Every structure is written in C-alpha cells, then in structure tokens.
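Asker: coordinates only, sequence not included:
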C-alpha cells in the first residue's frame, strides 16, 4: 500500500466530500478519464476495467446518502453504515471507497446465505454480524471497490486491507461483496475470496431502432403474444402510460408510487425496505437518473415502476399497483423498459432479480457475481465446495435458458 494512503471508517455519507466520492464511483463523468493508458499493468490483481467502465447511478453519493438520510438504512433496520474510505494524505483527497454495512440479518441483499447462517447456528457460532459491501436493496451489477483510475491497484488493495482489518476488529464472521463486476470478481478471487455466481434475465438491445424492430427479431408465436399482451394491458382497460423523468417528477407522483410500492411490498415480503422520504430525496438530487413509468385509468394512477438510467443501461427496480389487470405488470415493467432503451440507444435493460417469465418477453439469461471471505476456515472450506457445485449449476442453467430464448432460430 502506498505510504501516503490512510484508511478510515465513516458512519455516514454526509461525512464525505460528494464530488471526491463520485470521482471514484463514476470517474468518466466526475473528473478522471478512464483511458486505456491508465489501466493496471497486465497480470496485476486489479478490478480496473477501463474499456468496460460505465456510469452507474446506484453508487453515486446522492443515492447512498438518500438511503441513510431517509432512514431506509441504519441501525434500526439492521444496516449499520460502516463505509471504508482511502485518503491520499499528500493530495488531501479520497482515492478509494466502498459502500459497506454491518449486518445483523441477510434481508435486502438478493444473494442468499441463510443456509450458511443456519450452519453457523447449528455449530454453536454467531454468523451475525457480518460485513456487507453492496448497494442496499439493489440487485444491480456495478463496481464495488471504487478507486480513482490514477490511484489504481494500490488504492484497491488498501480497500481490501481495510475491509479485512475492520472485519477482524469488529468480530464479524465474514465479508460479502455482492453484485460486483466480473473484473472485480476475478480480482477478488486472486485475493483469496470465495467466488459465487447467480442468475438474472436482461434485455440486450441489438440496435433495433424501434420496438417493432425488436419484435421482428422474435419467433412469430412470441411476437404475436407480446402484441396481444400489450393491447390487452392498455387498450382493453382504458389505461394510458406516462413516462416521467427529470423536472417532470413531482411529489404527487412519488405519493402515488409509494402507495403502490408499499402495498406490493407488504404482500410479498412483509415490510417494504424504502421509506417515503427516500423517493423525495432522490427526486431532488438525481432526477435525471430516474425514469418513472406510471399507468393511469379513469383519471387516477393505478400502477407504476421506477427505473434508474445508467450510461448504457436501464435498471428496473420497484413496482406496485392498486388494480390488477392482465399483463399490466409486463407492460409497465418490461415492455416500456425495452421500448425506452431502444428509443434512447441504451444497450440493455436489467430488470432485477429472478423471474423466468422474463425469458418469453425478450430477456435472456445473464450471470451475476459475488465474493465472500469466511473467517472460520472450517466453514470456508465447506462453503467453497458448495460454491463450486453452484457455479457449475448456474453455467448449465444459463446454457439451457439460452436455448429457449424467443428469438428466431439461427439468427
């Protein structure tokens, strides 16, 4: 580690300079270029990947601070903020950081380790607290070890040292870094972390130009199915769609959407994660990164979905409704997202966790990545054996799903 670097733990994003954090999180739009010349030398265990770097709204200072300020994360919710930051003491600025939380449960992560916690309990050991590196409640791939390109591998290594030292000091059972990039996954594997894969379904935009261009790429039966679903979802029920972003987002929209969100969340998992103030905060601080799809019938909003806009991707996150209508969920969450991505030249849509039903609607299988460091070597060995088998299963599953995508065969 460079001798001018200092590692510290912060308990709130408000303690940090927003511009300096964002320069590490999304350097291509916040002060440092991600040119090939700034890449890490070949063979280094680095997660820097300049050619594939993309703007990601979820690791912005504004998004993470909104989670904290709104009370969506914090000790009362079992997400105690404990971010790791690396400062260059000579230059007087942040050169690395990672969003980290001390967890007393495994909810809101979407990479499931309940079986590991049960095994610890059966062995008479404490699995919680654990140290979790992620964006809370957000199963979307993005960088997790955020470093300035000019700081490179030394700053990244300092973050790993900081995570390990902090885990040991607080007596956590483990470190978990979830939904990180493939480059980071490879790098952390070289650092000795256990490697895990998962599965989602993403839409890939093949320069379609229009939604009809996308439909033309599908098998005839699937093309007819989607057209029928879109018609039945809207015209048959007198429903219209509004797409809201930027200055068009108003408190009345957040009021309606939050009602949808809490109703759906209560029915699915008992308690919604995000508080009402969270939506107002992001609406104020990052409206250009938000696409709110709202469905209206008989003069009132009846359903909605929130998406976040990256440089080349649209990230679908939460949905809810007041009225049940056939195929409305598919229209609001999937087809509107595909159409927006095509219209705005985005390369893909990531529609969140799970959902095999997405396959028939133009979304294909995609691999997600996480890494884990288990302090107890006995459990680490057992979990490693499990993960090897799980990775093989995920690979086989992805190959099988790829054979059943709805596109024309041979194209």
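Answerer: Arrived safely. Values in this document were obtained by computation on a predicted structure and should not be read as measured data. Residues are numbered from 1 along each chain as shown.

Asker: which residue lies nearest the spatial centre of the chain?
Answerer: residue 140 (2.0 Å; C-alpha atoms, centre = their mean).

Asker: now that residue. Nearest residue, chain neighbours left out?
Answerer: residue 315 (4.9 Å; C-beta to C-beta, 6 or more residues apart in numbering). C-betas here are computed from N, CA, C, even on glycine.

Asker: cool, and residue 372?
Answerer: Residue 372 sits nearest to residue 194 (C-beta to C-beta, 6+ apart), 4.6 Å away.

Asker: surely the one you found touches residue 375?
Answerer: No: at 11.8 Å, residue 194 does not count as touching residue 375 under the criterion of C-beta atoms under 8 Å.

Asker: between the two, point out the one with more neighbours.
Answerer: Counted by other C-beta atoms under 10 Å, residue 194 and residue 375 do not tie: residue 194 has more neighbours, with 20 against 16.

Asker: could you report the distance from the more buried one to residue 373?
Answerer: 7 Å (C-beta to C-beta, to the nearest Å).

Asker: per-residue pLDDT, residue 379?
Answerer: On the pLDDT scale, residue 379 is placed at 97.

Asker: what about it, which SS state?
Answerer: helix (DSSP: H, G, I helix; E, B strand; the rest coil).

Asker: how many other residues sit next to it?
Answerer: 18.

Asker: how about residue 391?
Answerer: Neighbours of residue 391 using other C-beta under 10 Å come to 15.

Asker: which residues does it contact?
Answerer: 195, 196, 197 (C-beta atoms under 8 Å, 6 or more residues apart in numbering).

Asker: host element of the last one?
Answerer: Spelled out, it's residue 197. For residue 197, the host element (DSSP states H and E) is strand 194-204.

Asker: just the buried residues of that strand, please?
Answerer: 194, 195, 196, 197, 198, 199, 200, 201, 202, 203 (16 or more other C-beta atoms under 10 Å).

Asker: and for stretch 278-295?
Answerer: 278-283, 285-286, 289-295.

Asker: then stretch 226-237?
Answerer: Here stretch 226-237 shows 226, 229, 230, 232, 233, 234, 237 as buried, counting by 16+ other C-beta under 10 Å.

Asker: over to stretch 71-81?
Answerer: 72, 73, 74, 77, 78, 79, 80, 81.

Asker: for the lowest-mean-pLDDT helix or strand in the chain, give me every contacting residue.
Answerer: Lowest by mean pLDDT, DSSP states H and E among the helices and strands of the chain is helix 251-269, with a mean of 84. Residues from elsewhere that reach helix 251-269 (C-beta under 8 Å, 6+ apart): 107, 244, 271-274, 276, 279-280, 283, 292, 294, 301, 303-304, 306, 318-322.

Asker: let's see which of these end up in strands.
Answerer: Applying DSSP state E to the contacts of helix 251-269, the entries found in strands are 244, 292, 294, 301, 303, 304, 306, 318, 319, 320, 321.

Asker: report the residue ranges of every domain in this protein.
Answerer: The chain breaks down by automatic domain parsing into domains covering 5-199+366-402, 206-346.

Asker: where does pLDDT dip in the stretch 251-400 of the chain?
Answerer: Along the stretch 251-400 of the chain, segments meeting pLDDT under 70 span 265-270.

Asker: can you give me the helices in it?
Answerer: Shown for the stretch 251-400 of the chain, the helices assigned by DSSP state H, counting those that start in this stretch span residues 251-269, 276-285, 328-330, 336-343, 377-402.

Asker: count of neighbours near residue 310?
Answerer: Neighbour tally, residue 310, other C-beta under 10 Å: 20.

Asker: scratch that, residue 403
Answerer: 7.

Asker: for it, phi and psi?
Answerer: phi -80, psi -10 (degrees, to the nearest 10).

Asker: could you do residue 144 as well?
Answerer: phi -120, psi -30.

Asker: surely it and residue 100 touch.
Answerer: No: at 9.2 Å, residue 144 does not count as touching residue 100 under the criterion of C-beta under 8 Å.

Asker: ok, now how distant is residue 138 from residue 131?
Answerer: The value you get for residue 138 to residue 131, if C-beta to C-beta is used, is 18 Å.
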